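A.B. asks: Take this sequence and fold it.
(chains A and B)
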Amino acid sequence: MSLLWLRFALGAYFISLIYAFVALTRTSDLFSRIALHAASLGMVFHFVSLTELFLSGHVVWASVHNGESLLAFLSMSFFMLIYAIYQTTSPGVVVFPVVFFLTFVAAVDEQPVLLTQYVSSKGWLAAHIFLIFIGYAALLVSFGASLLYLLQERRLKAKKPTSLISFLPALEVIDQIGYRSLLLGFPFMTLGLLTGSVVAISTYGHLDFLDPKILLSVLMWAVYMLMVFTRWNSGWRGRRAAFLATFAFVAALAAWAANYFSTIHRFAAS
Amino acid sequence: MRFQLIGVNHKSAPLEVRERMAIPESRLPDTCRELAAYPGIEEGIVISTCNRVEIVTHTSNGTADLRGFLRDHFHLETKELDPHLYEFRGKDAVRHLFRVASSLDSMVIGEAQILGQVKEAYATARAVGAVGGQLDQLFSRAFAVAKRVRGETAVGSSSVSIASVAVELAERIFGTLEGKTVFIVGAGKMSELAARHLMAHGCAAIFVSNRTFERAVGLAEKFNGKAIKFDDLYNSCDRADIVITSTGSPHAIFRREHGEQFLARRKNRPMFFIDIAVPRDVSPEMGKLDGIFIYDLDDLQGAVSSHVADRRKEAERAEVIITGEVERFEARLQTLDVVPTIVSLQDHLETIRQAEIDRVRGRMGRLTPEQEMAIEALTRGIINKVMHTPITTLKSAAKESEATTIVGVVRRLFNLPEKEKESLSRPAAKETEVGPRE
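C.D. replies: Residues are numbered from 1 along each chain as shown, chains lettered A, B, ... in the order given. So this is what the prediction gives:
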C-alpha cells in the first residue's frame, strides 16, 4: 500500500516538475500556484505512504529506496518552510527535480530491509537517519539557493530586465535562504554523523576511517563546515559560494553512492 | 522660421560620446557666447543635461554650419561626431524642442526635470545676451506647450523617474530597503531626489559627501544624515549599501581597487552603485567584481523602458498636441511678420485722423461732449471700415509665401517707416536689453 501512495505522490510531483522547467523561461502566477498545490497534494500522499511504512514496525528507512523517499519528503518540507517564510516558489526550480527523481527511484519497487538485523542500537540508527537526512535536505536547498543566486546575479549584471528577474526573489533574500538553510542543516549533519558513528561503533566495535562511506562523509562534512566558515568569516557568496556548495553537494552524492561500495554501511546483506 | 537645432541625446549617442560632449555648468555661459558669435548664428541656446546636448539657434539664413561649431568646440573629428548627431531646421527644429521640453524625448518619458533644465539653459543664454526675440518666442512657446502636455495628458503622472527605477532595482538586490544605508556622493538635485525615494522606502541612514563640504552639510541636514569630508570618502563608503554618485569629476572616482577594498571591509555584502554622473563616476571595471552592481544612466534607461509601455499611449496624445502647437507657432510667427506692418499702418492712419480732427475743431467752435463723441465715432468708423479689407488681406497673406511682397507694397503705398518693424517684431528685446553682437 505504501508504494501505491508513493506513486500517487509521484504523479503530483510530476506537475511541479513541469513547473520547474517552465519557470525558468516565463513567469506565471497561476502556474506557480498550480505547482504549489500539486506539491502540497503530493506531500499528503507522500506522508500517508511514509506513515504506513512507519506503522509497519521496523526501522524501515534503512533501505535505500525508503531512505530516498524520506529524503524527498524532507526536502519538500524544507521547500514549504521557505515558501511559508519568503513567499517564493523559486527554490522549486532546483528542489522539484531532485524530489521527483528521488521519489521516482523510491517508487520503482519495494526493497527488503535487512541491515537492521545486525544493528543493536535501533534508536540511534533511527536518529542517525533522520538527522542526516534533514542535513541533506538543507544542503540541497542551500545548493539550489546558491545556483539561483548566481543566476540572479548574472541577470542583474546583464542589466536587462527580464521576467526571470521578477520570478526570482531579491538577491539578498536568496542569499538568506541559502545561508539559513546552511546554518540550520549543519548541526543536523554533524549530529547525524555522530549518531552514525555511535551506531557503527556499537555494531562493529570501531570506526574504519578508510571505508569509502566514512571517508566521503567526513569529506562532505569538512566542505560543509568550510562553507559555513567562509560565509560567516568573509561573507563568501556568489560564484565562490556556489563553487563550494556544488562541491559539498557532489561530496554528499558521493557519500550516498558509497552505500554501494561500503562494507559497513550496507542496507542489504550480501 | 530660421531655427536650426543640432544635438546628441541618449538615443543617438552612447554614453562615451555624451561624456565627451558634456558641458559643465560653469562653462555654459562661455559656450553660449561662443555660439552666438559663430558665423551665421544670430541667437543661440545650449541645453546640456546628462542625457543630451542640444544647440538651438536662430540663424541669419537658415543654413549655419552647426556641425562646424560642435567640431570646433569639442575638438572632435567629423567621423567621431557625425554618426551620433541629429539636426533639425525650421519647423522640425520647433517640433523637436517642443518634444524635448514636454519630456517626450526623455529617457524616462514624462519625467519633470527636463523642463526645469531647459528653462535653466534658456536663462543662462539670456543672461549672457545670446537670446533675442526669435528664440525668446520659441522658448516661451515651448514652456507653454510643455505645460499643456502635462495638463492635458497623463504623460507626466505616475512618472517613473530615475529615482523610482533606482528604488526598484535596489529592491531587486536587497529585498527590503528597511535599515539600508544610502551614500550620496556629489550633492545634486537628481541624487537628492533618488535619496528621497530610497528613504521613503525605508532606507535608514544617509551619508552625504561633496567636494564643497558646506553643500554636503546642507543636504545632510535635510535628511537628518551625516556629512562626510570628501577626503574620507573611501574610508566610509563601505558603510553604505546604496551609493548614488553624481559628481562633476572628469574621471571615474570609484575604481576597481576601491570596490575590492569596500567588499573586503563589508564581508562581501553587495553594494549598489547608481551612477547618474556624466562622465561616469564609477569605472565599469569595478562592476565586474562579485557583489558590486552598477547602473549608469544608460542602464537605467534599459530598466525603465519596460515601464514606458502604457505611457506610450499618452505620449501619442501628446504628440498630437505638439503637432498642433507647431502649426500654430508657425502660423503665429508668420502673422507676426505682418503684425508690425498692420500696427504701423493703424498708427499712421490714427495720426492722420487726429491731425484732421484738430484742424477742423477750431472752425466748429465749442462742441458738446455728445458731439465730440459723435465725431470721434464717425472718423474712427470710416477708418475701420476702409482698413478692414486690407488688414484681413494682410493677415491671410501672412500664411502664404507672398506675405513679404504684400507687406512691401503696403509699406511703400503708405510710406511706412522701416525701423519700426525691428522694434515691434522683437517685443521681448525691450526688456532683455540684448546687446548687439559681433
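A.B. asks: Just give the closest residue to residue A:135, not the sequence neighbours.
C.D. replies: residue A:189 (3.1 Å; CB to CB, 6 or more residues apart in numbering or on different chains). Every C-beta, even on glycine, is put in place using the N, C-alpha and C of the backbone.
A.B. asks: ok, now how distant is that neighbour from chain B?
C.D. replies: Taking CB to the nearest CB, to the nearest Å as the criterion, residue A:189 is separated from chain B by 24 Å.
A.B. asks: ok, that residue touching residue A:222?
C.D. replies: No: counting by CB atoms under 8 Å, residue A:189 does not reach residue A:222; the two are 11.1 Å apart.
A.B. asks: which of these two has more neighbours?
C.D. replies: Between residue A:189 and residue A:222, residue A:189 has the larger neighbour count (other CB atoms under 10 Å in any protein chain shown), namely 26 against 12.
A.B. asks: That one should be in a helix, yeah?
C.D. replies: Yes: Residue A:189: assigned to a helix according to DSSP: H, G, I helix; E, B strand; the rest coil.
A.B. asks: quick one, what contacts it?
C.D. replies: Taking CB atoms under 8 Å, 6 or more residues apart in numbering or on different chains, we find residue A:189 in contact with A:131-132, A:135-136, A:138-139, A:221, A:224.
A.B. asks: coming back round to it: pLDDT at the residue nearest to residue A:135, what is it?
C.D. replies: At residue A:189, the predicted lDDT confidence score is 91.
A.B. asks: cool, and the one 5 residues further on?
C.D. replies: pLDDT, the model's per-residue confidence, is 91 for residue A:194.
A.B. asks: and it, which of the three is it?
C.D. replies: Residue A:194 - assigned by three-state DSSP - is helix.
A.B. asks: What number of residues are in the vicinity of it?
C.D. replies: Residue A:194 has 14 nearby residues by other CB under 10 Å.
A.B. asks: roughly how far apart are residue A:136 and residue A:178?
C.D. replies: Distance check for residue A:136 against residue A:178: by CB to CB, to the nearest Å, it reads 15 Å.
A.B. asks: And residue A:207, how close does it get to chain B?
C.D. replies: The gap separating residue A:207 from chain B is 37 Å, by CB to the nearest CB.
A.B. asks: any idea which helix or strand carries that residue?
C.D. replies: Using DSSP states H and E, no element contains residue A:207; it sits outside every helix and strand.
A.B. asks: I'd guessed it sits against residue A:214; true?
C.D. replies: Yes: counting by CB under 8 Å, residue A:214 is a contact partner of residue A:207 at 6.5 Å.
A.B. asks: what is in contact with those two at once?
C.D. replies: Between them, residue A:207 and residue A:214 share the contacting residues residue A:200, judged by CB under 8 Å, 6+ apart.
A.B. asks: Comparing those two, which residue is more hemmed in?
C.D. replies: Applying other CB under 10 Å to residue A:207 and residue A:214 shows that residue A:214 carries more neighbours, namely 21 against 14.
A.B. asks: so which of the contacts of residue A:189 comes closest to residue A:86?
C.D. replies: When the contacts of residue A:189 are compared for distance to residue A:86 (CB to CB), residue A:138 wins out at 15.3 Å.
A.B. asks: Tabulate the CA atom coordinates of the helix or strand hosting residue A:10 in PDB.
C.D. replies: In this assignment (DSSP H and E), residue A:10 forms part of helix A:2-22. Only the C-alpha atoms of helix A:2-22 are listed here, as PDB (Å, rounded to 0.1, in the frame of the first residue of the first chain):
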ATOM      1  CA  SER A   2       2.800   2.400   0.900                       C
ATOM      2  CA  LEU A   3       4.200   2.100  -2.500                       C
ATOM      3  CA  LEU A   4       0.900   2.900  -4.100                       C
ATOM      4  CA  TRP A   5       0.600   6.100  -2.100                       C
ATOM      5  CA  LEU A   6       4.100   7.000  -3.100                       C
ATOM      6  CA  ARG A   7       3.200   6.600  -6.800                       C
ATOM      7  CA  PHE A   8       0.300   9.000  -6.300                       C
ATOM      8  CA  ALA A   9       2.700  11.400  -4.800                       C
ATOM      9  CA  LEU A  10       5.000  10.900  -7.700                       C
ATOM     10  CA  GLY A  11       2.100  11.900 -10.100                       C
ATOM     11  CA  ALA A  12       1.600  15.100  -8.200                       C
ATOM     12  CA  TYR A  13       5.300  15.900  -8.000                       C
ATOM     13  CA  PHE A  14       5.400  15.500 -11.800                       C
ATOM     14  CA  ILE A  15       3.200  18.600 -12.200                       C
ATOM     15  CA  SER A  16       5.600  20.600 -10.000                       C
ATOM     16  CA  LEU A  17       8.400  19.200 -12.000                       C
ATOM     17  CA  ILE A  18       7.000  20.700 -15.200                       C
ATOM     18  CA  TYR A  19       6.800  24.000 -13.300                       C
ATOM     19  CA  ALA A  20      10.500  23.800 -12.500                       C
ATOM     20  CA  PHE A  21      11.300  23.700 -16.200                       C
ATOM     21  CA  VAL A  22       8.800  26.300 -17.300                       C
END
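A.B. asks: the inter-axis angle of the helix or strand following it versus helix A:2-22?
C.D. replies: For helix A:2-22, the succeeding helix or strand toward the C-terminus, using DSSP H and E, is helix A:29-55. Helix A:29-55 and helix A:2-22 meet at an angle of 160 degrees, taking axes from the mean of the first three to the mean of the last three CA atoms, to 10 degrees as the criterion.
A.B. asks: Of all the residues in helix A:29-55, which ones are buried?
C.D. replies: Of all the residues in helix A:29-55, those buried under the rule 16 or more other CB atoms under 10 Å in any protein chain shown are A:31-32, A:35-36, A:38-39, A:41-43, A:45-46, A:48-50, A:52-54.
A.B. asks: Now the residue sitting nearest the centre point of chain B: closest residue in space that isn't a chain neighbour?
C.D. replies: The C-alpha lying nearest the average C-alpha coordinate of chain B belongs to residue B:118 (CA atoms, centre = their mean; 1.9 Å). Nearest residue to residue B:118 in three dimensions, chain neighbours excluded: residue B:101, at 5.0 Å (CB to CB, 6+ apart).
A.B. asks: can you pull the contacts of that neighbour?
C.D. replies: Each residue near residue B:101 by CB under 8 Å, 6+ apart is listed here: B:114-115, B:118, B:142-143, B:145-146.
A.B. asks: rerun that using 7 Å as the cut-off
C.D. replies: By CB atoms under 7 Å, 6 or more residues apart in numbering or on different chains, the residues touching residue B:101 are B:115, B:118, B:142-143, B:145-146.
A.B. asks: quick one: buried residues of the helix holding residue A:10?
C.D. replies: For helix A:2-22, by 16+ other CB under 10 Å, it's A:2-3, A:5-10, A:12-13, A:15-17, A:19-20.
A.B. asks: What are the structural domain limits within chain A?
C.D. replies: Here the domain assignment for chain A is A:1-109, A:114-270, based on automatic domain parsing.
A.B. asks: right, and those - which one's nearest residue B:6?
C.D. replies: domain A:114-270 (30.0 Å).
A.B. asks: just how off-centre is the closest one within its chain?
C.D. replies: The chain centre lies 8 Å from the centre of domain A:114-270; the measure is CA atoms, centre = their mean, to the nearest Å.
A.B. asks: what does stretch B:249-259 give?
C.D. replies: Stretch B:249-259 sits 31 Å away from the centroid of its parent chain (CA atoms, centre = their mean).
A.B. asks: touching chain A at all, that stretch?
C.D. replies: No: Stretch B:249-259 stays clear of chain A (CB under 7 Å from any CB of the partner chain), getting no nearer than 13.2 Å.
A.B. asks: for that stretch, which positions count as buried?
C.D. replies: Within stretch B:249-259, the residues that qualify as buried are B:252-254, B:256, B:258-259, counting by 16+ other CB under 10 Å.
A.B. asks: do stretch B:225-235 as well
C.D. replies: Under 16+ other CB under 10 Å, the buried positions of stretch B:225-235 are B:225-228, B:230, B:233.
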